[in-house]
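Undergrad: how does the following fold in three dimensions:
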Amino acid sequence: MAESKLENISGSDDKFRCPICLEEVRNPKYLPCYHTFCKSCIQTYISSTAACSGDNSPKTIQCPVCRKSIQAPSNDASSEEWACSLPEDKLILSMSVDSDRSENKYCMFCKRNDKTVLAKHWCKTCTETICDDCKFIHSYVRVLQEHKIVSLADKVDLKNGVEIDEPCLVHRGKYLEVFCQDHDQLCCSICFATKHRTCKKVESIEDVATEIDVSCHNTTPEFFKDFLKKLDDIQNEYRDTLAHLSTKKQDIFTSTETKVEEIKSLLDKAHNQWMKQFEQNHSDAVGNIEIASDEVKRLAITVQEANTMLQRVLENGTTKQIFVTRHKVRHQIMDHVKRLRDLKIWNIVHDYSQTDTDFLRQILENQNFQNVEMLEKSDLTSITLKEFISKLLGNKILWSQEIMARKDWMSVEFEKLSETRLPKMAYYGLFIDDTNILLSVENPPSLQIYDITDPIARCVYTYPCSDTPFGLCHSGESMDKVFVSFKTHVDHYEIEISDSVNIKKMETIKLKTHMKAISRGSTLIFSCSDSVKMICTSNFSIKHTSSSLRTGDRPFISASFHSVHHAIIRNNKIVVADQDNKEVLEKILHTGDPRGLAFDLQDNIFICTMKNKLRQIRRGGGESRDIDLPGIQSAYNVVLHPTGEKVLILDYCEKFCVYKVL
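TA: Coordinates of the predicted model:
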């Protein structure tokens, strides 16, 4: 149904179209995810796709656009009853009214009484056409007197001043009346009474809508158009990649066939097995790209639908309606993107490599051919989604990064904010917000949180560990979720800091190879043991390994904030490599005793040298300089705040200092 038609949606059409039939939507009904369809289309879709997950469970469907799971209103509801129970999208009805349409020529009130009377007016509150008599009824029936009625012949009044009472999707018969800023949620009176009565920032939607909504500043048609252009570019890249892979596949087949013919009598069996394996790998690669491309098409429909709705509301809606619509489309897109980012489909095969074609030697040594290598790369889609959501939500970290990245980092200075002595040496640390840092303490094994607000930081929470903790890194864009390496496994924690502090373990990831130091890049995780460096996927599956003999008590590794590069210290050299483990820089460090290191926001590198200064090397290995560290005697590790506004220095003399970057 919708799956076969998604690519036919026009990005430039400003009509409200049903994603199933692709025609202008008639009798619009919308699902809890806010995607709108013709009533007949969604009824047909329900009857053909609804399924039960168990004997006593209600039937469910997946939204044809975003695939969110939707439950039936009751266990025995028919497809017609289900479709009828869905809310009618009165906003679309009101903004799409056209007096020239055949269904708008007759009074809907009279039609329900089996009468055929020409309609001359449109009731914006009832969202229906009415005749002169029914208009007169509105004038003396008390509950109808406040309804807004305009002439069907007046095209201007017909479109302007759209004001619809938005129904609550949780409580039938109730309408959205207030907005809870504490939870960023629209509420009806029951929602407010049951869940938000104790919230501090709850106001009527009318009051909030008249104010400037900072969180919605990027919810604009122009912003969505730019994102739609990026989605279109991604789909073009998928098509080009499919064509390239198919061409490269055929080239490899042709080359292989030529070699095989020379020794065919000995190689037929191995050749056939190799072909089947390569065909399967190719099929898997193409299938994954097609799935990714399909998901991008579905997201484009969500964004296009949101853009069309927002554009029309901005033209015709009231201030309140604009606010409500912006809130709805923002959360609709955020939910869709979150589901996409959770999918494990974004490592895309972009090329094939067959470096060894000595098949006679292979068959003599191993009794089979060497498989064609599948070259993967992190897909642009995941990066694009991350940037889009960050901009849509007004992400403070990215905004601050952008401001700080404008500095000349080879001339920045440090101003000491806090200095604290530790009872034991801590080798690894991490900022978890603007005023708190997390340290991994080996003796006794624990995670400690320090408040760095005052000149002398104080420990505000200690979390005992059953094993010795080592390296720390953020697990995503937010700073409150971190990975902690325990050498044989990695624990994933969520840290909550409000009136009290709480550390909650979310999952444990078992490791096949020991890992101590860890650092997260834009799409990959980089790690070190005492002797091996590893490049890993987001679930710590190893893609590449190489030798990396550490210096000092513990290994260190750092990933760039923006590029695909990472860096380590190896035999008094700074070594920088890319995501494929290809080394792009090797520079000898002539002075000092190098330990921990970190990239700044311009990919220059800070290096601790067991002195009271921090060495900084320009990107590419050019000039270098030393930065004074007041309060530090033997700098052992350096950690940069994700915004670039602060730096944490761990001293080998059992202390740490936090500095402001000037």
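
Undergrad: neighbours around Val141, how many?
TA: Neighbours of Val141 under the rule other CB atoms under 10 Å: 10. Placement of C-beta: from N, CA and C, glycine included.

Undergrad: just for the stretch 101-250 of the chain, where's the confidence low?
TA: 101-104, 155-164, 212-218 (pLDDT under 70).

Undergrad: would you map the strands across it?
TA: 121-123, 128-130, 149-151, 178-180, 185-187, 202-204 (DSSP state E, counting those that start in this stretch).

Undergrad: poorly predicted segments of this structure, please.
TA: 1-14, 52-57, 95-104, 155-164, 212-218, 378-379, 390-391, 393-399.

Undergrad: which stretches in the protein count as helices?
TA: Secondary structure of the chain by DSSP state H: the helices cover 39-49, 79-85, 90-96, 108-111, 132-140, 155-159, 189-195, 205-209, 221-262, 264-316, 319-341, 359-366, 380-392, 396-404.

Undergrad: pull the strand of greatest length in the chain out as PDB, backbone CA atoms only.
TA: Secondary structure assigned by DSSP state E gives strand 501-515 as the longest strand of the chain. Extracted C-alpha coordinates of strand 501-515, given in PDB (Å, rounded to 0.1, in the frame of the first residue of the first chain):
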ATOM      1  CA  VAL A 501      22.400  12.600  42.900                       C
ATOM      2  CA  ASN A 502      21.600   9.100  41.500                       C
ATOM      3  CA  ILE A 503      23.700   6.800  39.300                       C
ATOM      4  CA  LYS A 504      21.600   4.100  37.500                       C
ATOM      5  CA  LYS A 505      23.100   1.200  35.600                       C
ATOM      6  CA  MET A 506      21.200   0.700  32.300                       C
ATOM      7  CA  GLU A 507      23.100  -2.200  30.700                       C
ATOM      8  CA  THR A 508      26.400  -4.300  30.800                       C
ATOM      9  CA  ILE A 509      28.300  -5.000  27.600                       C
ATOM     10  CA  LYS A 510      30.600  -8.000  27.700                       C
ATOM     11  CA  LEU A 511      34.000  -7.500  26.000                       C
ATOM     12  CA  LYS A 512      35.800 -10.100  23.900                       C
ATOM     13  CA  THR A 513      39.100  -8.200  24.400                       C
ATOM     14  CA  HIS A 514      40.300  -6.200  27.400                       C
ATOM     15  CA  MET A 515      39.700  -2.500  27.200                       C
END
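
Undergrad: okay, buried residues for that strand please.
TA: For strand 501-515, the neighbour count (16 or more other CB atoms under 10 Å) marks 501, 503, 511, 514-515 as buried.

Undergrad: got the residues you listed as CSV, with distance to Leu169 columns?
TA: Shown next, in CSV, are the buried residues of strand 501-515 (distance: CB to CB, whole Å):
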residue, distance to Leu169
Val501, 35
Ile503, 35
Leu511, 44
His514, 50
Met515, 45
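
Undergrad: closest to Ile333 out of the residues you listed?
TA: Nearest to Ile333 out of the buried residues of strand 501-515 is Ile503 (CB to CB; 31.7 Å).

Undergrad: how about the helices of the chain in CSV, adding mean neighbour count?
TA: Formatted as CSV, the helices of the chain follow (neighbours: other CB atoms under 10 Å):
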stretch, mean neighbour count
helix 39-49, 18
helix 79-85, 17
helix 90-96, 21
helix 108-111, 18
helix 132-140, 14
helix 155-159, 14
helix 189-195, 14
helix 205-209, 17
helix 221-262, 15
helix 264-316, 17
helix 319-341, 20
helix 359-366, 14
helix 380-392, 18
helix 396-404, 15
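
Undergrad: now for the most centrally placed residue in the chain: which residues touch it?
TA: For the chain, the residue nearest the mean C-alpha position is Lys386 (4.5 Å; CA atoms, centre = their mean). Applying CB atoms under 8 Å, 6 or more residues apart in numbering to Lys386 gives the contacts 341, 477, 522.

Undergrad: and Leu314, by the same measure?
TA: 221, 322.

Undergrad: if we use 10 Å, what do you get?
TA: 219-221, 321-322, 325-326 (CB atoms under 10 Å, 6 or more residues apart in numbering).

Undergrad: repeat for Leu144
TA: When contacts are counted by CB under 10 Å, 6+ apart, Leu144 touches 123, 125-126, 134-135, 137-138.

Undergrad: got the domain ranges for the chain?
TA: Structurally, the chain divides into domains by automatic domain parsing as follows: 1-88, 178-211, 218-394, 414-661.

Undergrad: turn these into JSON lines, columns for distance to Met404.
TA: Converted to JSON lines, the domains of the chain look like this (distance: least, CB to CB, whole Å):
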{"stretch": "domain 1-88", "distance to Met404": "36"}
{"stretch": "domain 178-211", "distance to Met404": "27"}
{"stretch": "domain 218-394", "distance to Met404": "16"}
{"stretch": "domain 414-661", "distance to Met404": "4"}
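
Undergrad: may I have the beta-bridge partners of the closest residue to Tyr428 other than its chain neighbours?
TA: Once flanking residues are discounted, Tyr428 sits nearest to Ser440: 4.7 Å by CB to CB, 6 or more residues apart in numbering. Taking DSSP bridges as the rule, Ser440 bridges to Tyr428, Leu447.

Undergrad: Ser440 - how many residues pack around it?
TA: 22.

Undergrad: that one and Cys473: what is the separation?
TA: Per CB to CB, to the nearest Å, Ser440 is found 11 Å from Cys473.

Undergrad: any common contacting residues for those two?
TA: Common contacts of Ser440 and Cys473 (CB under 10 Å, 6+ apart): 428, 430, 484-485.

Undergrad: tell me the two of the residues you listed that are most distant?
TA: Taking CB to CB as the measure, the shared contacts of Ser440 and Cys473 span a maximum distance of 11.8 Å, between Leu430 and Ser485.

Undergrad: and the two? Which one has more around it.
TA: For Leu430 versus Ser485, neighbours defined as other CB under 10 Å are more numerous around Ser485 (27 against 23).

Undergrad: from memory the more buried one sits against Thr508, does it?
TA: No. Applying CB atoms under 10 Å, one finds Ser485 not in contact with Thr508, separated by 11.6 Å.

Undergrad: touching both of these two, which residues are there?
TA: Asp491.

Undergrad: contacting residues around the nearest residue to Leu472 once chain neighbours are set aside?
TA: Spatially, and ignoring its direct neighbours in sequence, Leu472 is nearest to Leu430 (4.2 Å; CB to CB, 6+ apart). If you count contacts by CB under 10 Å, 6+ apart, Leu430 has them with 436-440, 447, 471-474, 479, 482-484, 495, 639, 641-642, 648.

Undergrad: quick one: which of those residues sit in strands?
TA: Secondary structure from DSSP E places 436-440, 447, 472-474, 482-484, 495, 639, 648 of these in strands.

Undergrad: hang on, the earlier thing: closest to Asp454 among the shared contacts of Ser440 and Cys473?
TA: Leu430 (19.8 Å).

Undergrad: redo the helices of the chain as JSON lines? Include distance to Asp467.
TA: As requested, the helices of the chain are exported to JSON lines (distance: least, CB to CB, whole Å):
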{"stretch": "helix 39-49", "distance to Asp467": "48"}
{"stretch": "helix 79-85", "distance to Asp467": "52"}
{"stretch": "helix 90-96", "distance to Asp467": "56"}
{"stretch": "helix 108-111", "distance to Asp467": "70"}
{"stretch": "helix 132-140", "distance to Asp467": "74"}
{"stretch": "helix 155-159", "distance to Asp467": "66"}
{"stretch": "helix 189-195", "distance to Asp467": "40"}
{"stretch": "helix 205-209", "distance to Asp467": "49"}
{"stretch": "helix 221-262", "distance to Asp467": "42"}
{"stretch": "helix 264-316", "distance to Asp467": "36"}
{"stretch": "helix 319-341", "distance to Asp467": "30"}
{"stretch": "helix 359-366", "distance to Asp467": "41"}
{"stretch": "helix 380-392", "distance to Asp467": "32"}
{"stretch": "helix 396-404", "distance to Asp467": "30"}
